[in-house]
Structure formats: C-alpha cells, structure tokens
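Q: Test case, fold it:
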Amino acid sequence: MTPTIARVTATPAALAFIGELRQRHGPLMFFQSGGCCDGSTPMCYAAGEFDLSDTDVYLGNLDGAPFYIGLEQFGYWEHTQLIIDVVEGNGGMFSLDNGTGRRFLTRSRLFTDEENGQLRSQAPGR
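A: Presented below is the predicted three-dimensional model:
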C-alpha cells in the first residue's frame with residue numbers, strides 16, 4: 001500500500017503554537033486565505049467559527065485541526081505541499097494568532113513528479 005502524501009504539514013514551532021492556541025480557545029480549524037485583507041495567510045479559527053462552502057477543499061489535519069482551502073486557490077497550489085510555520089509578527093485580522101506577537105506563515109515546496117503521480121489517485125476531500 002502506498003503511503004498517503006500530506007498536502008499540508010506543520011513545523012514543530014507551528015505545532016507547539018497550535019497547542020497553545022488550543023489550550024486557550026478549544027478545538028481549532030484552519031483556512032488558507034486567498035488574498036484580500038490578509039493576503040495568502042493560514043487563518044486559525046475556533047472550530048466551527050468559519051463557514052465553509054461546498055467548494056472548499058479539505059487538505060488534512062494539523063495536530064487534529066482540519067485545514068481547508070478554497071477550490072480556486074487549490075487550483076494554484078495543488079502541485080505544492082503547504083508547510084505551516086510560525087514567525088514573529090501580527091496575525092490575520094480575524095485569526096486567533098492575532099495579538100500574540102506571532103503569526104502563522106505558509107511556506108511551500110513543489111511535489112516531485114513521483115508525488116504528483118501518486119496524488120492523481122489521491123483526490124482531496126471536500
């Protein structure tokens with residue numbers, strides 16, 4: 001059996017920060033913002049506080065927190081693994097990291113040709 005390729009992962013620093021935010025706010029969820037007010041930023045919300053649409057794509061979990069992206073944005077990033085990190089700065093206006101002095105940041109890497117072949121048979125969730 002071929003292992004599942006993670007479309008989204010997190011650095012150890014981001015996982016630790018997710019744990020801190022979970023302690024304060026309970027279960028969490030993420031949505032990869034596609035622009036406008038907060039640019040292309042991973043936004044962190046209390047679970048259920050962000051209304052998902054029928055076209056949003058589930059990419060996976062970060063320490064139990066589901067991570068979604070809009071379908072149009074997914075079209076741009078589908079050949080890329082999202083790597084969620086944390087850096088100093090101000091978080092997105094509506095994201096739970098705002099006001100902490102740290103913010104989530106999306107880094108990325110292109111999937112290899114082999115990984116892209118495997119991903120074709122591994123449809124993302126919706």
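
Q: Residue 114: what secondary structure?
A: For residue 114, the assignment made with DSSP: H, G, I helix; E, B strand; the rest coil gives helix.

Q: Could you pull up the mean pLDDT of stretch 32-47?
A: Stretch 32-47 comes out with an average pLDDT of 78.

Q: And that stretch, end to end?
A: End-to-end span of stretch 32-47 (Cα to Cα, to the nearest Å): 15 Å.

Q: so where do the helices sit in the protein?
A: 12-25, 71-77, 113-120 (DSSP state H).

Q: got TSV for these, with distance to residue 96 too?
A: Using the backbone N, CA and C atoms, a C-beta is placed for each residue, glycine as well. Shown next, in TSV, are the helices of the chain (distance: least, Cβ to Cβ, whole Å):
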stretch	distance to residue 96
helix 12-25	5
helix 71-77	20
helix 113-120	30
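
Q: So for residue 41, which of these sits nearest?
A: helix 71-77 (11.5 Å; Cβ to Cβ).

Q: Determine the set of other helices and strands touching that closest one.
A: Helices and strands touching helix 71-77, by 3 or more Cβ pairs under 8 Å, 6 or more residues apart in numbering; DSSP states H and E, are strand 57-62.

Q: Dump the helices of the chain into JSON lines; add mean neighbour count as well.
A: Converted to JSON lines, these look like this (neighbours: other Cβ atoms under 10 Å):
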{"stretch": "helix 12-25", "mean neighbour count": "15"}
{"stretch": "helix 71-77", "mean neighbour count": "15"}
{"stretch": "helix 113-120", "mean neighbour count": "12"}
